[in-house]
Each structure stands twice: as structure tokens, then as C-alpha cells.
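pasting the sequence and the predicted model now:
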Amino acid sequence: MPERTARGLAIVSAALSFGLAADVLGRAVPGRLDVALGAGFLVLLVGYLVQREPALPAPPAGLGLAAGVLALALIWRDSPTLFGLNLLALGVIGALAAPRLRSRGMARVGVSEYAAGALDLAAGTAAGAAGLLFSDIDWRCLPADGPVRRLRGPAVGLVAAVPVAALFGGLLMDADPVFDRLVTDAVTLRLDVLAPHAAAILLWAWFAAGLLRTVLGDTAPTRPADRPHGRFGLGEVATVLGVVDLLFLAFVAVQFRYLFGGAELVRSVTGLGYAEYARSGFFQLVTVAALSLPLLLAADWALGQRDRAQLRRFRFLALTMLLLLDVMLASALYRMRLYTAEYGLTELRFYTTAFMGWLVVVLGWFAATVLRSRRSRFAPGALVAGAFVLGALNLLNPDAMIARVNLARAAEGREVDARYAGRLSADAVPTLLRLVEGLPAADRCAVVAALRDRWSRELAAGGRWDMGMSRATRRVRARGWATGAVGCAEFRMTSLRPSAGGRTRRDGDSDALEERGGKPVSRGA
């Protein structure tokens, strides 16, 4: 049997086993845990195929270890945001295993090659088993006494028998009403049970076959590692960078004048409170900084032949932009500090701040690599920085940190959004239960009511399992939900109460408005 055919049959068999496992996990295992076990099983299948078929090109062992750690991370925290980030990281691991990157080495390819590897993985998975069934496997070469050939006859006969049996069965069912009822009941029962299982198994097997074929495919032909020359001269590239630098410089000058100039100056010019002014531009600044990085990469790629004088000018313009971006990111962090001190912390604010930290590191890495003519080292370093940030997020437990910050503010007499506290994931529940007794009475009862309203339903519904949910469940059952346990009478989330600052607000309003300077500010940001 040809090597390519044997390899294709092995992948098809592994994909069918994954389809069966996915169907069982999806129906018998709680949510989150099924995804983690499925990802782990897929990693084991790759290892099994590599051991069984020595001719298969094996992905780097470190990628398998990283995928295993990420599969565990899927059930380490209950936060939906972290779950999504960990899933995204698993996709990145799959892209790194693509043949396009293995052929030249992950440390010697540029950003475009990483993007192409991700597209290869997506296209190969979407194509499913088509490449295996119609290209890789030569069905004529299968041995006559092999199991596939032996099953071929009954399988083809079964397919041919279906229309014949349907024709004769329909006639016989018309001939006898009792026979018609018995056959109808039996067929309906079998289809109701078997059809969903068969569809799920085939669907998961189809996509798993495409993914395994892509990851374990032959490496792409090695291409020259020389850097391609760009299409533009320094005049075009320098003009773009120069205009952007001047725009950034003007903005930074305003920041030093107003943001760092004090609250009175801001109020006299804009009429806004200091915290409201700080909030107004935080996410826009992060967006500008995030878009500036691909602009710099595109400028370096587009610049054609360059001598030392041209290189010095390009580096000067790029470094100027990097310095201005650092000032703008510092401004964004300062804005976030002011806004968090005034209104508290949310998931969006926390994860955006973490993204800024990664961006600062990546901008510095850009200066150390791309601007020193070492462009191929930029993408691996940016991925490593992202891996460290993701690992830190999993270890820090963001939702618990958000709960600590917000409840600390409440203990100081500031407002607390009880409904938002109740919407945090199970990762925050132990922290909330531990700190809730230190709150003022009104805030304490509001938080307890929010937790009771949500988690009494969550625990009754079940449906998913992870370590964060398990820890929260133990704490909840040990503590109980009786409001009297923390000195609260029955408390309705829709009641009005005066806050610690003397203002009346309605608990549970997910879009609670805060009056600052006479203008409403959404708490959702």
C-alpha cells in the first residue's frame, strides 16, 4: 500500500474516533469540561499518529505541551473572557504547527507567514476530509483481503438496498394498516435516536480529519529567506510617518497641557469633571496605539532599496512615533487609573489595560528587532509576550481582582454596582462571600441579593463544570443563601435605596447611569 494512502487511512480512523468521542463528550459531560477533554484528546491523537506512522512530519514537541497546558487552562477559571482567550491561544498553537511554518522554522519567518499559517489551518479544517477521501487515499491500491475492501461490498450493497427497500416497504405499508403503524413507529424511534448521533459523529470527524491532515501534512517547499524589496521609496514612506508623527505630537502636547494639568483647568475649558474627561478618550487611545503597530510594520515592509542615510531617517521617524505612542499609552493608563478610582473596575477596563501592557512590550520589541533589520524575530517575540500575558491572566484571576477592587471602594463609602457584582463569573464568588460582611449594610444586602438571584439559578441549572465553578459551589453550599446570615432582611433587586454618598439609585440596572457634571455616563465601559 502506498505510504500516502496508509497515512490518509490512519488520519481518517483517528478522525472517526474523535467524532465518536466528541459526540459522547457533548452529551454526557458538562460544558467547558467537554471542550477541554476534546482538545486534550485531539492532542493525544496527533501524538498517536506520529508514533504509529513514523513517516508523518511531527510538529515540535513544545507545541503539544503548550496545547496540553491550554486544555487544562480551559477549566481552570470560570471567566468566559479567559475561556475565549485560551481557545484563541489553542487556535494559534494549531497555526504554529502548520507545514508552512515548520518548513522554515518558526523563528525565521515574518508576520505575513504567521498569518498565512493561520489561513492554512482554517482552510484545511473547513475542507474537512475531502482532501483525504478524494486525493490522498488511492482506493484502488487497497489490498483485496484488507478490512476496507471487505467492508466495501456490504457498504455499497446497503446503499443500493435503501431505495429498493423504501419502494417495497411503501407498498407493503399501504397494503396493511397494522404493518404501516408498526414500521412507522419503529423507524421514527430509531431515526430520532440514531440520526443526531450519526450527524454529530460525522460532522466532528469531518473537521477533525481536515485539521489533522493540515497539521500533519508535508512541509511546504523551502523558500529563500531573503527579505523582499518593498515597492516604495523613502519619500512616500517618510511622508506618511511624518504626518502621523506631527499629529501624535500635537495630541501629546494637549495631554501635557490638560490631562496632566489638573482638574480645574479641564473643568474651565471643557465643563467636564476630571474623571469624565479622562474616561472620554481611553478606548480611542488604545485603538490608536493598536493600529499604529501594523502601520509601522507596513511602512518597514513597503520601504524598498535603502542606504544607510535612508535607514537612519526611517528609524528616526519610527522611533519618534514609538516614543509618542509610549506617552499616549501612559496617558491612557493615567485615564484608566482616574476612571477606575471614580467608578470602579470592570472586565472591559481590566482586559484593555492588560492588552496595553502587552502592546508596550511589543512596541519595544519592534524597536529591538525590526528597526535593527531583524524583522524575522519580531513575530516569535510578540507571540511569546502574548503567552506570558495570557499565563499571567490565568494566574491572577481577573474576576476576583475586579470584585476586590469594587468591594474595597464600597467599604470606603463609594457606590457599588450590585448587579454587576452578581454578573461576574464563579471565579469572583469566593472573594465576594469573603468580603461582603465588611460592607455597609445597604451595599452588603444588595450584593447578597445579586449573588442569590444569579447563582441560585446557576447551581440549579448546572450544565457546565470547571474548577472555578467547583470552588464557588463549595463556598456557596457551605455559606448558604439566607440573607439573614449577613444581617439582611428580604431584599428586592428592584428597590430604590440611597447610596453611601446620599444619592438614590436603583440596584440591578445593568446600564446604571452616573451623574457627573450634569451628564449621564454609562457604567458599562
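Here it is on my side, so go on.

how close does residue 110 sit to residue 393?
From residue 110 over to residue 393 the distance is 27 Å, taken as CB to CB, to the nearest Å. Any C-beta I mention is one placed from the backbone N, CA and C, and that applies to glycine too.

show me how this protein divides into domains.
Following automatic domain parsing, the chain resolves into domains at 1-226, 234-396, 400-522.

pick out the shakiest of those, pLDDT-wise.
Note on these: domain 400-522 shows the lowest mean pLDDT, a mean of 66.

in the helix or strand containing residue 240, what's buried?
In this structure, residue 240 sits in helix 234-254 according to DSSP states H and E. Within helix 234-254, the residues scored as buried using 16 or more other CB atoms under 10 Å are 234, 237, 238, 241, 244, 245, 248, 251, 252.

ok, stretch 454-470 next?
454, 455, 458, 464, 465, 466, 467, 468, 469.

mind picking the two most distant members of those?
Farthest apart among those by CB to CB are 454 and 467. That separation is 19.3 Å.

next, count neighbours for residue 205.
24 (other CB atoms under 10 Å).

how about it, what does it touch?
15, 16, 18, 19, 20, 129 (CB atoms under 8 Å, 6 or more residues apart in numbering).

7 Å instead, please
15, 16, 18, 19 (CB atoms under 7 Å, 6 or more residues apart in numbering).

how about the closest residue to it other than its chain neighbours, what does it touch?
Sequence neighbours aside, residue 19 is the residue nearest to residue 205 in space, at 3.0 Å (criterion: CB to CB, 6 or more residues apart in numbering). Counting by CB under 7 Å, 6+ apart, residue 19 touches 201, 202, 204, 205, 208.

rerun that using 6 Å as the cut-off
Residue 19 sits next to 201, 204, 205 when contact means CB atoms under 6 Å, 6 or more residues apart in numbering.

before we move on, back to that, now the helix holding residue 240 - C-alpha only, PDB.
The C-alpha atoms that make up helix 234-254 are tabulated as PDB, following Å, rounded to 0.1, in the frame of the first residue of the first chain:
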ATOM      1  CA  LEU A 234      11.700  56.800   1.400                       C
ATOM      2  CA  GLY A 235       9.800  59.900   0.200                       C
ATOM      3  CA  GLU A 236       6.400  58.100   0.200                       C
ATOM      4  CA  VAL A 237       7.000  56.200   3.500                       C
ATOM      5  CA  ALA A 238       8.600  59.100   5.300                       C
ATOM      6  CA  THR A 239       5.700  61.400   4.300                       C
ATOM      7  CA  VAL A 240       3.200  59.100   5.900                       C
ATOM      8  CA  LEU A 241       5.200  58.600   9.100                       C
ATOM      9  CA  GLY A 242       6.000  62.300   9.300                       C
ATOM     10  CA  VAL A 243       2.300  63.300   9.100                       C
ATOM     11  CA  VAL A 244       1.300  60.800  11.700                       C
ATOM     12  CA  ASP A 245       4.200  61.900  14.000                       C
ATOM     13  CA  LEU A 246       3.100  65.500  13.800                       C
ATOM     14  CA  LEU A 247      -0.500  64.500  14.600                       C
ATOM     15  CA  PHE A 248       0.700  62.500  17.600                       C
ATOM     16  CA  LEU A 249       2.900  65.300  18.700                       C
ATOM     17  CA  ALA A 250       0.100  67.800  18.700                       C
ATOM     18  CA  PHE A 251      -2.100  65.400  20.700                       C
ATOM     19  CA  VAL A 252       0.700  64.700  23.300                       C
ATOM     20  CA  ALA A 253       1.100  68.500  23.700                       C
ATOM     21  CA  VAL A 254      -2.600  68.700  24.600                       C
END
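
residues in contact with it: which ones?
299, 302, 303, 310, 317, 320, 321, 324, 327.

what about it, distance to the chain center?
34 Å (CA atoms, centre = their mean, to the nearest Å).

and residue 240, how far from residue 350?
Distance from residue 240 to residue 350, by CB to CB: 34 Å.

report the distance from stretch 26-35 to the chain centre.
18 Å.

now that stretch: buried residues?
Residues of stretch 26-35 classed as buried: 29, 32, 33, 34, 35 (neighbour count, 16+ other CB under 10 Å).

and of the buried residues of stretch 454-470, the nearest to residue 360?
Nearest member of the buried residues of stretch 454-470 to residue 360, counting by CB to CB, is residue 468, at 28.8 Å.

tell me the spatial nearest neighbour of that closest one, not counting adjacent residues.
In this structure, residue 468 finds its nearest non-sequential neighbour in residue 78, 3.2 Å apart by CB to CB, 6+ apart.

next, the contact list for that neighbour, please.
425, 426, 427, 466, 468, 469.

one more time with 8 Å, if that's ok
32, 399, 425, 426, 427, 466, 467, 468, 469, 472.

would you reformat those as JSON lines and include distance to residue 212?
Output for those, formatted as JSON lines (distance: CB to CB, whole Å):
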{"residue": "32", "distance to residue 212": "24"}
{"residue": "399", "distance to residue 212": "35"}
{"residue": "425", "distance to residue 212": "33"}
{"residue": "426", "distance to residue 212": "34"}
{"residue": "427", "distance to residue 212": "34"}
{"residue": "466", "distance to residue 212": "27"}
{"residue": "467", "distance to residue 212": "29"}
{"residue": "468", "distance to residue 212": "31"}
{"residue": "469", "distance to residue 212": "31"}
{"residue": "472", "distance to residue 212": "36"}
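
just flag the most distant two among these.
32 and 399 (15.0 Å).

got a PyMOL select line for the buried ones in the contacts of helix 234-254?
Here is the PyMOL command that selects the buried residues among the contacts of helix 234-254 (16+ other CB under 10 Å):
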select buried, resi 299+303+310+317+320+321+324+327
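
between the contacts of helix 234-254, which is closest to residue 174?
residue 302 (74.1 Å).

show me where the stretch 401-525 of the chain has its helices.
Here the stretch 401-525 of the chain has its helices, by DSSP state H, counting those that start in this stretch, at 418-423, 429-435, 441-461, 467-479.

sorry, back to before: now the buried residues of stretch 26-35 as JSON lines including distance to residue 342 and secondary structure?
Shown next, in JSON lines, are the buried residues of stretch 26-35 (distance: CB to CB, whole Å; DSSP: H, G, I helix; E, B strand; the rest coil):
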{"residue": "29", "distance to residue 342": "44", "secondary structure": "coil"}
{"residue": "32", "distance to residue 342": "35", "secondary structure": "coil"}
{"residue": "33", "distance to residue 342": "40", "secondary structure": "helix"}
{"residue": "34", "distance to residue 342": "42", "secondary structure": "helix"}
{"residue": "35", "distance to residue 342": "38", "secondary structure": "helix"}
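
tell me the one among the residues you listed nearest to residue 363.
residue 35 (33.7 Å).

which residue, other than its chain neighbours, is closest to that closest one?
Distances taken as CB to CB, 6+ apart place residue 74 nearest to residue 35, at 5.8 Å, with adjacent residues excluded.

tell me how many other residues surround the one you found.
The burial count for residue 74: 24, using other CB under 10 Å.

buried residues in the helix or strand encompassing residue 24?
With secondary structure defined by DSSP H and E, residue 24 is part of helix 3-28. Within helix 3-28, the residues that count as buried by 16+ other CB under 10 Å are 4-12, 14-19, 21-25.

got it, and stretch 62-80?
Neighbour-count burial for stretch 62-80 flags 63-64, 66-71, 73-79 (criterion: 16+ other CB under 10 Å).

give me the neighbour count for the nearest residue to residue 4 once chain neighbours are set aside.
Closest residue to residue 4 apart from its sequence neighbours, by CB to CB, 6+ apart: residue 136 at 5.5 Å. Residue 136 is flanked by 19 other residues according to other CB under 10 Å.
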